[in-house]
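J.: the following comprises the amino acid sequence and a computationally predicted model.
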Amino acid sequence: MDYKPVKTFSELAIKSLDDFVYGIAPHPVTAKNGMVIGGGTVYPEINFTLPPMTVNESTMPEVRRQYNEMIGGILERAKDLHAPGIIVELELLPPTTIEPKWGVEICKILRDKMYEYEEKYGLKSLLRITPNDTREIERPPFMRRGELLESIFVTFEKCAEVGADILAIETTGGKEVHDEALVTCDIRKAIFALGVLGVRDMRFMWSRIVDIAKRTDSIPGGDTACGFGNTALALAEQSMIPRVFAAVDRVATVPRTLACFEMGAVGPDKDCGYEGPYMKAITGAPIAMEGKTAACAHLSALGNIAACVCDVWSNESVQNVKLLSAPAPVAYMEQLIYDCRLLNEAAADGKEYALKMRDWLANSDSKLDPQAYILRPDVVLEISKELVKEADAFVATKKAAALAVEALKKGAAAGELELPAKEKKWLDIIGSQVDSIPDNWEELWYDLQKSLDLSKWRPEEYDLEVNAAKAVSAG
Amino acid sequence: MDRYGELAQAIVDGDEIQVLKTVRRLLKNGADPLKVISVGLVGGMESVGYMFSKKEIFISDVIISARVMKSGIDLVRRMCKAPARRPLGKVVLGTVKGDIHDIGKNLVGIMLEIGGFLVYDLGVNVEPQQFVKAVKERNAQILAMSAQLTTTVLNMQTTIEAIKAAGMRDDVKIIIGGLAVSRRFADKIGADGYSHDASSAVCLCRRLLKIRQTGGRNRGPDLRIVKRQRRERSDT
């Protein structure tokens, strides 16, 4: 079954570099309580998780206590620091998604406390609910049927009913193939995973999520290529794979993440999607980003540049452990508030100051890492401008990779990007791999069938027929 | 550089054509097939492993070299009916119950296989009893567990307890790794070792099984090759 996009993006929402700045999105999102995301203020988004513990029926009292403690501390700190508003993300763990009643209960604990602070102290806040994409627990996973899938949708619906404002998820369709592509640095497989499998899964999932948002009057926020681009980022950070591969792969995630907007998502998208600036440039939707203040969750070379066009600034996730100052979620709430306060203060002095701040954030990182370079606002606009010319998601994915290779080569040649020899070698290899990809996805699918382990995933879950693909090529 | 050195260099370069050509030439000139494997092919791979541990190359380079090495070994076996390389040990590997992260675990599996171990990968979301059963059936000397979530790390402890309850604790070394664990945690739950990345997992397994560097003559990496490689890179 084909899940047709409800929107297409054939031109950029942001056409000028001077209009590409943090805090302001062409299509801001207004929440029920009046908070406007992308309307001029960068808001902090705090995400937190449990300390090491098992989640089951017997530990649920402790789980409730932990979440109560975390949200209480966070809201109190936000109030004391006069935050203009905050977003709280509840990223559910596998057990609290598989058992929707637990996820919903935690959601209600958080939302009730947030309502209380809004009512008593005027602290505005929004709750983002992010169920875990538990489909991959079963291997090979069923992507479009089964209890695991239904639990995700039930969790969305029930959490929205108890007050969750924004719906988001990190979908994993195509990860089965993409993981292998990463380890072997095979951009052909990565492009197939993203441009064919990922896009199809996104369209399927987001058609349902957008429906739920309509029924529950909640905001269909967005998705992220976390399982793809961020896995590459983490592997590059450990020197396992070249940073240029992670950079090219990141740009190749753009058409996949864009698919949720084509199905009706409106933003703010998920914080860990470092492809967010491309989403903002193309769709005009506000974006959530994470960088230096997410070092509690993972390291990256994108600490400053990630903030340069953000509308929401996040910490990714932090465990509820005690630090010298306070529990970690409280400490991170404070850090995010100060980060946002500085951004907003610069912008309050005038657009030229916001642009100067943007450029400082971008330029301080972009020379040192190819993953940062491809997030430079001018590079984002240049590549995005070419991508919107492609209507076909697979062709766009291939083109995204080719444009990223070209941009990195150009940047290195111009002395705007420092690339060690071992990285340059791989950039050439990736470029050759991209050149060898046909424009027809069916041809690539036929080629890859010989080298893909088809026992690890189910082509039929993506409407792919193994024999049909062979027949196409034979014909 | 002698012919064995040339062969090792071709492994480092990931140059399959050169490897096959050199293997053929060596064997036609009467070289000992076992020496071709252990000194030329495995020796080259040890240099690759060394360079990877120093972060001079990527896992993708290692995988390419490993594939080329395998082609070389296959050719030796076809030409001489040489015996297969004996594994250094058997490892049962998996991500613990409740956890579906597998890329780190997969990297450990790749590095262990390249390092000469026979790996039985049970996948993700593995129940403690599945680990117990596999260790018993495979007669594994090492059990390697991974966890990325703070809510699943305790299943490592549960698995260790299940191994103890099955009376197998003295027969198997247990190692752990993953984002959510640490050396301290490994000590706390009674694991034998902790590895923070894939390449150090190989050293850890060797150490636990008291295996010295191989390559036929306890050679270790050929530093001439490593140095040459470094020189070439800096010239680029």
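T.: Here it is on my side, so go on.

J.: what stretches of chain B score poorly on pLDDT?
T.: Applying pLDDT under 70 to chain B flags residues B:1, B:82-85, B:212-221, B:230-236.

J.: again, but for chain A
T.: Under the criterion pLDDT under 70, the flagged ranges of chain A are A:1-2, A:467-475.

J.: near chain B, which residues of it show up?
T.: With Cβ under 8 Å from any Cβ of the partner chain as the criterion, chain A comes near chain B at residues A:49-55, A:93-95, A:134, A:136-137, A:139, A:179, A:182-185, A:231, A:235, A:238-242, A:245, A:319, A:421-422, A:424-426. All C-beta spots, glycine's among them, are computed from the backbone N, C-alpha and C.

J.: my read is that A:P95 contacts A:P131, right?
T.: No - contact between A:P95 and A:P131 fails when scored by Cβ atoms under 8 Å: they sit 11.6 Å apart.

J.: chain B: helices as residue ranges?
T.: For chain B, applying DSSP state H gives helices covering B:3-13, B:16-28, B:33-35, B:42-53, B:59-80, B:103-114, B:128-138, B:154-165, B:183-189, B:198-208, B:223-235.

J.: thought A:G146 was touching A:I137, still the case?
T.: No - A:I137 lies out of contact with A:G146 (Cβ under 8 Å); the separation is 10.3 Å.

J.: so the two - more neighbours on which side?
T.: Neighbours per residue (other Cβ atoms under 10 Å in any protein chain shown) separate A:I137 from A:G146, with A:I137 holding more: 17 against 13.

J.: list the buried residues for stretch A:295-315?
T.: By neighbour count on 16 or more other Cβ atoms under 10 Å in any protein chain shown, the buried set for stretch A:295-315 is A:295-297, A:300-315.

J.: that should have said stretch A:52-66, apologies.
T.: Along stretch A:52-66, these residues count as buried under the neighbour rule (16+ other Cβ under 10 Å): A:P52, A:T54, A:V55, A:M60, A:V63, A:Q66.

J.: and stretch B:12-25, by the same measure?
T.: Buried residues in stretch B:12-25, counted by 16+ other Cβ under 10 Å: B:V12, B:D13, B:G14, B:D15, B:E16, B:Q18, B:V19, B:L20, B:T22, B:V23.

J.: got the contact list for it?
T.: In this structure, residues lying in contact with stretch B:12-25 by Cβ atoms under 8 Å, 6 or more residues apart in numbering or on different chains are B:3, B:6-7, B:10-11, B:36, B:40-41, B:44, B:47-48, B:51, B:61, B:64-65, B:67-69, B:71-72, B:75-76, B:79, B:225, B:229.

J.: from the chain's centroid, how far away is it?
T.: Distance of stretch B:12-25 from its chain centroid, counting by Cα atoms, centre = their mean, to the nearest Å, is 22 Å.

J.: and for the nearest residue to B:I59 once chain neighbours are set aside, the neighbour number?
T.: Distance criterion Cβ to Cβ, 6 or more residues apart in numbering or on different chains; nearest residue to B:I59, sequence neighbours excluded, is A:M240 at 4.5 Å. By other Cβ under 10 Å, the residues close to A:M240 number 26.

J.: return the subset of the residues of chain A next to chain B lying in strands.
T.: Counting by DSSP state E, the part of the residues of chain A next to chain B found in strands is A:T49, A:Q319.

J.: of the residues of chain A next to chain B, buried ones?
T.: Applying 16+ other Cβ under 10 Å to the residues of chain A next to chain B, the neighbour count classes A:49-50, A:52, A:54-55, A:93-95, A:134, A:136-137, A:179, A:182-185, A:231, A:235, A:238-242, A:245, A:319, A:422, A:424-426 as buried.

J.: now, which of those residues lie within helices?
T.: Per DSSP H, these map to helices at A:P94, A:P95, A:D179, A:L182, A:V183, A:T231, A:L235, A:F245, A:K422, A:K424, A:K425, A:W426.

J.: helix or strand for A:V88, which one?
T.: Assessed by DSSP states H and E, A:V88 sits inside strand A:86-91.

J.: please disregard the earlier target; I meant A:S364.
T.: Using DSSP H and E, A:S364 sits within helix A:351-366.

J.: before we move on, what about A:N47?
T.: Element membership for A:N47, per DSSP H and E: strand A:43-49.

J.: and the next helix or strand after that strand with strand A:43-49, angle?
T.: Counting by DSSP H and E, the next helix or strand C-terminal to strand A:43-49 is helix A:60-80. Relative orientation of helix A:60-80 versus strand A:43-49 (axes from the mean of the first three to the mean of the last three Cα atoms, to 10 degrees): 160 degrees.

J.: counting by contacts, list what helix A:60-80 packs against.
T.: In this structure, helix A:60-80 makes packing contacts with strand A:43-49, strand A:86-91, helix A:100-121, helix A:328-348, judged by 3 or more Cβ pairs under 8 Å, 6 or more residues apart in numbering or on different chains; DSSP states H and E.
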